[in-house]
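Trainee: For reference, the sequence and a predicted model appear below.
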Amino acid sequence: MSKNTSKGFFESLADGPSTDEFIKGLWKDNPVFVQVLGMCPVLAVSNTAENALAMGLATTFVLLMSNILVSLLRNFIPKQVRIASYILIIATFVTITDYAIQAISVELHKSLGAFISLIVVNCLILSRAEAFASKNTIGKSILDALGMGIGFVFALFCLGAVREILGSGSLFNFALFPAGFQNWVVMILPAGGFFTLALWLLLFNVLKEKKAS
Amino acid sequence: MSTKQHTETVSSQKMLFSMAGIGTLCALFIVLTYEGTLPRIQYLRSEALKQSIFKVLPGISETKTFQLNEDQGFTLIDESDGQPTVFAGYDKEGNLIGIAIEAEGQGYADKIKILYGYDPINKTVIGFYVLETKETPGLGDKIEKDENFLQNFVELDVSLKADQSGLANAVVTVKSGEKENPWEVDGITGATISSRAIGEIINESASRWGPIIQQNLKTLKSNSKEVAYE
């Protein structure tokens, strides 16, 4: 790992091992299904596929930008004040995301509500800053952020799609079932978030065990 | 090893310097984004409000904003400066169709903010739209979507007492399917508290604004600036 630190941005992008930094977040170290990080937005904002995707993308953006800045400043930030600096950087990009979403759509901002500001305390972002970006080059940090971010979007979408299909009988607001379908209201309530997450975790663990044996 | 020792004995001056540096950089980012997105956000917000005014006052083609002044009269304004305002809607010929009024009150989860259309001639509520709500998705948020519930606000009676001091009949939310009088709101099963809250919000707001609007009907009907300033 350390031998890469002297290499430039594009060289590290083309590096063989670096693609692992990208792939690991998608499956092996998936932030939700394997690391079980950032559960608050996962449970709260996954009641529709659209909300889940928007929340996932907003988190990915913050993760990417904070990873870049933390990696850039990694030799400049003294160890004693690093956590405070990371929080400051993360909070800045969350605020920027908040304004950007308002500028894109009032409706979307309305439905994501308070959870945008809560990205600040999503432990996924702080953990990637502390465990990865503060020790690696910008190129690797970008790949790590993209991998973890896409893994997070994927996991949120898995939950959001199941909950919207069963709870509202639709996917991305397109009705899927004939008019007689009785919505499972519990699926869009918080309890449904726990049920769905538990089932996905079960599925992932079964797959992992099968692979191991 | 030597670099490690060096970082551990870093002076507080350096810590302060790096925190201040990062803080300044972050502040710069935030200010730039704020300045850059502000015009677009304000535009989207005013568009959203305008669209909802057109939703609660069917058949209008123009709106004007009136602000309540100290003598309980209305003044025509362009931009609200935080004082209570109402939005008058006119058809193509300039006839007053109704007044859109913002109101809010406590719901189940948080405050519910609504906009409703008031017809000052028939003294009825003719339209209803939820501006802001944090009610439970799937239950309380039916106040936005439930067709039967929205039908309540096509012609809801909010006529005034003979002395114009308040509503002749208080607007109340009744159990779903038990609406008998034109001033009752048919509630929603599964969203009892939220639908009751809407009844209360409209009752409170209509008792406050109804008399004021009736007294100032002449100002609101006149569709030109000169007369409005009289």
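Mentor: In hand now; what should we look at?

Trainee: shouldn't residue B:75 be in contact with residue B:66?
Mentor: Yes - using C-beta atoms under 8 Å, residue B:75 is in contact with residue B:66, at 6.7 Å. The C-beta positions use only the backbone N, C-alpha and C, and glycine is treated the same way.

Trainee: Tell me where chain A has strands.
Mentor: A:170-171, A:174-175 (DSSP state E).

Trainee: Quick check: closest non-adjacent residue to residue A:90.
Mentor: residue A:66 (4.8 Å; C-beta to C-beta, 6 or more residues apart in numbering or on different chains).

Trainee: Give the rounded mean pLDDT of stretch B:198-218.
Mentor: Averaged across stretch B:198-218, pLDDT comes to 89.

Trainee: Residue B:39: neighbour count?
Mentor: Residue B:39 has 10 neighbouring residues, counting by other C-beta atoms under 10 Å in any protein chain shown.

Trainee: Now do it against residue B:51, distance only.
Mentor: From residue B:39 over to residue B:51 the distance is 19 Å, taken as C-beta to C-beta, to the nearest Å.

Trainee: Mind pulling the model confidence for the residue sitting nearest the centre point of chain A?
Mentor: Nearest to the geometric centre of chain A sits residue A:152, at 3.3 Å (C-alpha atoms, centre = their mean). What the model reports as pLDDT for residue A:152 is 92.

Trainee: Hmm, residue A:58 and it touching each other?
Mentor: No - contact criterion C-beta under 8 Å: residue A:152 and residue A:58 do not qualify, at 10.4 Å.

Trainee: Not counting its neighbours along the chain, what's nearest the residue nearest to the centre of chain A?
Mentor: residue A:31 (5.0 Å).

Trainee: show me the contacts for that neighbour.
Mentor: Residues in contact with residue A:31 (C-beta atoms under 8 Å, 6 or more residues apart in numbering or on different chains) are A:25, A:37-38, A:124, A:148, A:151-152, A:155.

Trainee: How about residue A:39?
Mentor: Here residue A:39 is in contact with A:32, A:197 (C-beta under 8 Å, 6+ apart).

Trainee: any chance you could map the helices in chain A?
Mentor: A:9-14, A:16-26, A:39-44, A:49-72, A:82-104, A:106-112, A:123-128, A:138-168, A:190-212 (DSSP state H).

Trainee: what mean pLDDT does the third one have?
Mentor: The average pLDDT for helix A:39-44 rounds to 84.

Trainee: picking up where we left off before, can you tell me which of the helices of chain A the model trusts least?
Mentor: Across the helices of chain A, helix A:9-14 gives the lowest mean pLDDT, at a mean of 49.

Trainee: isn't there a strand covering residue B:66?
Mentor: Yes - applying DSSP: H, G, I helix; E, B strand; the rest coil, one finds residue B:66 inside a strand.

Trainee: if you skip the residues just before and after it, what's nearest to it?
Mentor: Closest to residue B:66 by C-beta to C-beta, 6+ apart is residue B:74, at 4.1 Å.

Trainee: If I look at the one you found, what pLDDT would I see?
Mentor: So residue B:74 comes in at 83 (pLDDT).

Trainee: what residues are up against residue B:197?
Mentor: Contacts of residue B:197 were listed using C-beta under 8 Å, 6+ apart, and they are B:105-108, B:112.

Trainee: Return the residues of chain A in contact with chain B.
Mentor: A:47, A:73, A:76-81, A:84-85, A:88-89, A:91-93, A:95-96, A:99-100, A:102-103, A:105-106, A:110, A:113, A:167-168, A:183, A:185, A:188-189 (C-beta under 8 Å from any C-beta of the partner chain).

Trainee: Packing partners of the helix of greatest length in chain B?
Mentor: The residue-count maximum for a helix in chain B (DSSP H) belongs to helix B:12-56. The helices and strands touching helix B:12-56, judged by 3 or more C-beta pairs under 8 Å, 6 or more residues apart in numbering or on different chains; DSSP states H and E, are helix A:82-104, helix A:106-112, strand B:62-68, strand B:85-90, strand B:96-106, strand B:111-119, strand B:124-132.

Trainee: Quick one: mean pLDDT for the fourth one?
Mentor: Averaging pLDDT along strand B:85-90 yields 88.

Trainee: That one: partners in the sheet, and parallel or antiparallel?
Mentor: strand B:62-68 (antiparallel), strand B:96-106 (antiparallel) (DSSP bridges).

Trainee: Isn't residue A:142 up against residue A:64?
Mentor: Yes - the pair residue A:142 / residue A:64 is scored as a contact, 6.7 Å apart, by C-beta under 8 Å.

Trainee: So what's the residue count around residue 20?
Mentor: By default, I'm working from chain A. Counted with other C-beta under 10 Å, residue A:20 comes out at 14.

Trainee: wrong chain, I was asking about chain B
Mentor: Residue B:20: 10 neighbours (other C-beta under 10 Å).

Trainee: swap in the one 4 residues further on?
Mentor: Residue B:24 sits with 10 neighbouring residues when counted by other C-beta under 10 Å.

Trainee: Find the nearest non-adjacent residue to residue B:106, please.
Mentor: residue B:197 (6.4 Å).

Trainee: element containing the one you found?
Mentor: helix B:192-215 (DSSP states H and E).

Trainee: Quick check: buried residues in that helix?
Mentor: B:192-207, B:209-211, B:213 (16 or more other C-beta atoms under 10 Å in any protein chain shown).

Trainee: Pick out the residue nearest the middle of chain B.
Mentor: residue B:102 (3.8 Å).

Trainee: so what's residue A:44 closest to, chain neighbours aside?
Mentor: residue A:115 (5.9 Å).

Trainee: From residue B:29, how far off is the residue lying farthest from the centre of chain A?
Mentor: Largest separation from the mean C-alpha position in chain A: residue A:180, at 35.8 Å (C-alpha atoms, centre = their mean). Using C-beta to C-beta, we find residue A:180 at a distance of 52 Å from residue B:29.

Trainee: Equivalent analysis for residue A:81, please.
Mentor: 19 Å.

Trainee: what's the answer for residue A:82, then?
Mentor: 19 Å.

Trainee: Repeat that for residue A:197.
Mentor: Distance from residue A:197 to residue B:29, by C-beta to C-beta: 34 Å.

Trainee: Those two: who's more crowded?
Mentor: It is residue A:197, of residue A:197 and residue B:29, that has more neighbours when counted by other C-beta under 10 Å, with 22 against 17.

Trainee: quick one: that one and residue A:42 touch, right?
Mentor: Yes - assessed by C-beta under 8 Å, residue A:197 is found in contact with residue A:42 at 6.7 Å.
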